[in-house]
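> Sharing a model that was predicted from the sequence below.
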Number of protein chains: 2
Amino acid sequence: MIGDNIIFIGRKDTMDYVTAVVTQFRSGSKEVVIKARGKAISKAVDVAEIVRNRFIRDATVKEVRIGTEHIAAADGETNVSSIEVVLER
Amino acid sequence: MIGDNIIFIGRKDTMDYVTAVVTQFRSGSKEVVIKARGKAISKAVDVAEIVRNRFIRDATVKEVRIGTEHIAAADGETNVSSIEVVLER
């Protein structure tokens, strides 16, 4: 199913997301996309690095994309940076 | 001079680093590398995005590299994630 292999990084512990990514790979995914916005961007990089250094040793970083998203805010619109880390095995 | 076009992101305001990167480009650099570790990674992405969206409109993201660095700590060694965003114009 499209979109199943995308993990959004939020406020949970880093290891919760590591587990989610590892589970995706162990269930047969060849590619997992780790997405984050704003301050969660650092955590997304941590997740990707922990997954490939400690758990899925044959996973590699296929691509890292950065961008800017426009978010509706109380007083109009605000911009927030985003990242997508694509891991593949 | 080698290394002149590398900007390390630390605890200063985001706009201080934006200014540093813009200054590099305006002084003739064709490529600027924005580096950060740990929680500063999110700020590095902000800096890259603000530079190319607001100041150096012909700058593009040439490459984004992520990795893990081993840092000496009081009780041995610790790992920290890192990022390098390469902007070119």
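Arrived safely.
> what pLDDT does residue A:60 get?
Note on residue A:60: pLDDT of 97.
> ok, the residue lying closest to it once chain neighbours are set aside to residue B:49 distance?
Distance criterion Cβ to Cβ, 6 or more residues apart in numbering or on different chains; nearest residue to residue A:60, sequence neighbours excluded, is residue A:88 at 6.1 Å. No exception for glycine: its C-beta is placed from N, CA and C like everyone else's. Taking Cβ to Cβ, to the nearest Å as the measure, residue A:88 and residue B:49 are separated by 25 Å.
> More neighbours: the two, which one.
Per other Cβ atoms under 10 Å in any protein chain shown, whichever of residue A:88 and residue B:49 has more neighbours is residue B:49, with 21 against 15.
> After the longest helix seen in chain A, which helix or strand is next?
Longest helix in chain A, counting residues (DSSP state H): helix A:14-26. The helix or strand immediately downstream of helix A:14-26 is strand A:31-37, counting by DSSP states H and E.
> And the strands in chain A?
Assigned by DSSP state E, the strands in chain A fall at A:6-8, A:31-37, A:60-73, A:76-88.
> What residues does chain A have near chain B?
A:38-42, A:45-46, A:48-49, A:53, A:61, A:64-68, A:79, A:81-83, A:85 (Cβ under 8 Å from any Cβ of the partner chain).
> Filter those residues down to the buried ones.
Burial by neighbour count, 16 or more other Cβ atoms under 10 Å in any protein chain shown: within the residues of chain A next to chain B this picks out A:40-42, A:45-46, A:48-49, A:61, A:64, A:66, A:68, A:81-83, A:85.
> from the residues you listed, which single one is nearest residue B:17?
residue A:81 (13.1 Å; Cβ to Cβ).
> Could you check how far residue A:62 is from residue B:66?
Taking Cβ to Cβ, one finds residue A:62 at 12 Å from residue B:66.
> circling back to that earlier point, now the longest helix of chain A against strand A:76-88, angle please.
Helix A:14-26 and strand A:76-88 are oriented at 50 degrees to each other (axes from the mean of the first three to the mean of the last three Cα atoms, to 10 degrees).
> returning to what we had before: pretty sure the residue nearest to residue A:60 sits against residue A:62.
Yes: counting by Cβ atoms under 8 Å, residue A:88 touches residue A:62, with 4.4 Å between them.
> Which neighbours do the two have in common?
Listed contacts common to residue A:88 and residue A:62 are residue A:31; contacts here mean Cβ atoms under 8 Å, 6 or more residues apart in numbering or on different chains.
> what's next to stretch A:38-45, contact-wise?
If you take Cβ under 8 Å, 6+ apart as the criterion, stretch A:38-45 is touched by A:9-11, A:14, A:17, A:34-36, A:80-83, A:85, B:38-42, B:45, B:66, B:81-83.
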